[in-house]
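Participant: Build the 3D model from these lines:
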Amino acid sequence: MVFSLTGCAFLANTADIGIIGGADGPTEIFITEETETEEAVQDTEEFDEADETDIPEAAEDTDLAEDGYYYSAEDVALYIYTYGKLPDNFITKNEARDLGWEGGSVEEYAEGCAIGGDKFGNREGLLPKADGRVYYECDIDTNGENSRGAKRIVFSNDGLIYYTEDHYESFTLLYGEE
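Facilitator: Numbers count the residues shown, from 1 in each chain. Model prediction:
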């Protein structure tokens, strides 16, 4: 079972836990299924100790390469469902800021990249709540655009994947069961 927010950095293994991260903290955590762990992970904007993963098994018939770059709602949602992480072309806001980004399109600072992997607060309460559930967001259809636009995928650490085309006013469930 693996859940990743971005694909980069170093690997530090302990007995049954592997953490990949960078200057902003952990971005990927591996936990073997045999071990129940209470180990804490440093609290960061992208991932914190309350996060556990329960992403569905990979879709059997996908044409999406794990190392591919994807931008559309359909491709990104299927990628998250299939691989349990965002495609490698997504970087968090902190990673983008480290490159000089201050808002708008990130492509000037990271060619081919889009913003994704930051926590989504669900402040309006439009998405279902559950103990331990954490939502993350990523921009959709921003490749070659001048702004981040209104389209987002919002996905949870327990397998729910939603699409919003109106900047969080409404959501369509694409994968998972509420």
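Participant: What segments of the protein are helices?
Facilitator: Assigned by DSSP state H, the helices in the chain fall at 73-83, 93-98.
Participant: Out of those helices, which one sits most buried?
Facilitator: Sort the helices of the chain by mean neighbour count, taking mean count of other CB atoms under 10 Å, and helix 73-83 sits at the top with a mean of 21. Heads up, the C-betas are built off the backbone N, CA and C, glycines and all.
Participant: which helices and strands does it pack with?
Facilitator: strand 152-156, strand 161-164, strand 172-175 (3 or more CB pairs under 8 Å, 6 or more residues apart in numbering; DSSP states H and E).
Participant: what is the mean pLDDT for the first one?
Facilitator: When the per-residue pLDDT values of strand 152-156 are averaged, the result is 99.
Participant: Just put the helices of the chain in TSV and tack on mean pLDDT and distance to Glu169.
Facilitator: Listed next are the helices of the chain as TSV, based on pLDDT from 0 to 100; distance: least, CB to CB, whole Å:
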stretch	mean pLDDT	distance to Glu169
helix 73-83	98	16
helix 93-98	98	21
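Participant: Please identify the deepest-packed of the helices and strands packed on helix 73-83.
Facilitator: Of all those, as judged by average neighbours under mean count of other CB under 10 Å, the leader is strand 152-156 with a mean of 25.
Participant: Give the pairing partners of that one; include direction for each.
Facilitator: In the sheet, strand 152-156 lines up against strand 135-139 (antiparallel), strand 161-164 (antiparallel) (DSSP bridges).
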